[in-house]
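[1] my questions concern the predicted model and sequence given below.
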Amino acid sequence: MRQGIIAIDGPAASGKSSTARAVAEALGFGHLDSGALYRAITHVALDEAARAGVENPLALPLDAVLRSAEDRGLMLQPDGAGFACYLDGAPADAELRTAAVTSHVSAVSAVPVVREWVNAKLRELARAGVGVVVDGRDIGTVVFPDADLKVFLTATPEARARRRLEQRGAVVDPGELALEAERLALRDRADASRAVAPLRRAHDAVEVDTTSLSFSGQVERIVIAARRALAD
Ligand code: DC
């Protein structure tokens, strides 16, 4: 099997990142989580906004925010078997998943200069020649239109809301489920209706509906398809 690029796109909480990580591990590839870069930029923008005393990070010039992100060493860096999102010299994770970041990330990631920055970083990492599994919203449509395999992961809003609540260790009652499904739908609408690189399935992507698949089942399906696509 040769090296290559596997693109995994899909809506919020469809399980892209955990699936992409497991697929990368099975193939011996690196995993690039593009959402982590958008989240980290949003985190930096919120820091800059707090410093400037403004509430909305979009009120700031985003090229200055990107310079600050570069100064703080924001990058996906090799870490163990994969890549981790580094900021201020250490892997960032919890700070990328705060409610503030989650509620601003769609707006920040809709700005063209932000997307160009992220896309350039992803292409640079993929050019290193190691195999990569990249997950996001526009990986198969915009970032790597020539990817060796494109997967579009979906699941019903209810299944996605349930997984998100379980991940957080929150109570899974009907009220919370309905609220979380509404929050996810809001973010999907924002991601799918933006002018630049909206969330959509590439015409040549394989759609995998994970609603009633087990995690190992969905990983296995993608690994088999990837091995087939990358067979010498
Ligand atoms: O996958 P995630 O929830 O961590 O992504 C966070 C946000 O980043 C999501 O709301 C949309 C944006 N995003 C994007 O616009 N394009 C990508 N390739 C990845 C994420």
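    Noted; the coordinates are in hand.

[2] wait, Gln77 sits on Gly89?
    No. Assessed by C-beta atoms under 8 Å, Gln77 is found out of contact with Gly89, at 10.2 Å. Using the backbone N, CA and C atoms, a C-beta is placed for each residue, glycine as well.

[3] correct me, but Asp63 touches Val111?
    No. The pair Asp63 / Val111 is not scored as a contact, 9.7 Å apart, by C-beta under 8 Å.

[4] quick revisit: please identify which of Gln77 and Gly89 sits among more neighbours.
    With neighbours defined as other C-beta atoms under 10 Å, Gln77 and Gly89 compare such that Gln77 has more, 13 against 7.

[5] how about the more buried one: what's its closest non-neighbour residue?
    If the residues on either side of it in the chain are set aside, Gln77 comes closest to Tyr86, at 4.7 Å by C-beta to C-beta, 6 or more residues apart in numbering.

[6] helix or strand right after whichever strand or helix holds that neighbour?
    Here Tyr86, judged by DSSP states H and E, is contained in strand 82-87. Downstream of strand 82-87, the next assigned helix or strand under DSSP H and E is strand 90-91.

[7] got a list of contacts for that next one?
    Residues from elsewhere that reach strand 90-91 (C-beta atoms under 8 Å, 6 or more residues apart in numbering): 79, 84-85.

[8] what pairs with it, parallel or antiparallel?
    strand 82-87 (antiparallel) (DSSP bridges).

[9] nice, that's everything, thank you.
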